[in-house]
Structure formats: C-alpha cells, structure tokens
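**Student:** Test case, fold it:
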Amino acid sequence: MNANNIDFVTYCIGNLSRRLHLPQQEVYRRLRDSGILHSYIIPSYDVLHTFGKEYLMDDLTDYMREKGVLS
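**Tutor:** Below you'll find the predicted structure:
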C-alpha cells in the first residue's frame, strides 16, 4: 500500500463515519473485518478514486449493506 492508498482509505473512512454517524474506528473495523477494505477499496483504488464523493459514499454504503455490515 502506498501513500495515495492510505490517503484514500482515510478519506473513505472519514466520510463514511460522517454519513453513517459512526466513530471512525467502528467504520474501519467493519471495513476490515468484512474484507471490504482489503478486497475492494485498496485493490480498486485506481477506479474508485476517480468517483465523486456522493457516488463513492453511495457505492461503499451499498456494498457494506450487501456484505451485511450495515442494516
């Protein structure tokens, strides 16, 4: 993982935290434990970082629901 990936992961966690009204640590834990972080966000960085914030947050929250980490 390089600095761009770390910045992007931090950006995603911060924005998801605000959107979901959850602490950042909880968002990180859910992304990590579900595999979304290492099997989706990091490997898909090249594509995901080109999306607008709203689209990206919608995409990630939808995927979190599919994986069962959001109700």
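
**Student:** For residue 64, which non-adjacent residue is closest in space?
**Tutor:** residue 70 (4.4 Å; CB to CB, 6 or more residues apart in numbering). (Each C-beta comes from the backbone N, C-alpha and C, glycine too.)

**Student:** is it true that the one you found touches residue 60?
**Tutor:** No: checked against CB atoms under 8 Å, the pair residue 70 and residue 60 is beyond contact range at 9.7 Å.

**Student:** So for these two, which residue has more residues nearby?
**Tutor:** Neighbour count, other CB atoms under 10 Å: between residue 70 and residue 60, residue 60 has more, with 24 against 16.

**Student:** and the more buried one, helix, strand or coil?
**Tutor:** At residue 60 the chain is in helix, as set by DSSP: H, G, I helix; E, B strand; the rest coil.

**Student:** Over to residue 22?
**Tutor:** Assignment for residue 22 (three-state DSSP): coil.

**Student:** Against residue 40, how distant is the residue nearest to residue 64?
**Tutor:** Residue 70 sits 14 Å away from residue 40 when distances are taken as CB to CB, to the nearest Å.

**Student:** and the residue nearest the centre of the chain, what does it touch?
**Tutor:** With distances taken as CA atoms, centre = their mean, residue 12 lies nearest the centre of the chain, 4.6 Å away. When contacts are counted by CB atoms under 8 Å, 6 or more residues apart in numbering, residue 12 touches 31, 41, 56, 60.

**Student:** still on that earlier bit, now the residue nearest to residue 64: which helix or strand?
**Tutor:** Here residue 70, judged by DSSP states H and E, is contained in no helix and no strand.

**Student:** What segments of the protein are helices?
**Tutor:** 3-20, 24-34, 36, 45-48, 53-66 (DSSP state H).

**Student:** deepest of these, which one?
**Tutor:** Burial of these is given as mean neighbour count (mean count of other CB atoms under 10 Å); helix 36 ranks first at a mean of 19.

**Student:** Show me the contact partners of that one.
**Tutor:** Residues outside helix 36 that contact it (CB under 8 Å, 6+ apart) are 30, 60, 63-64, 67, 69.
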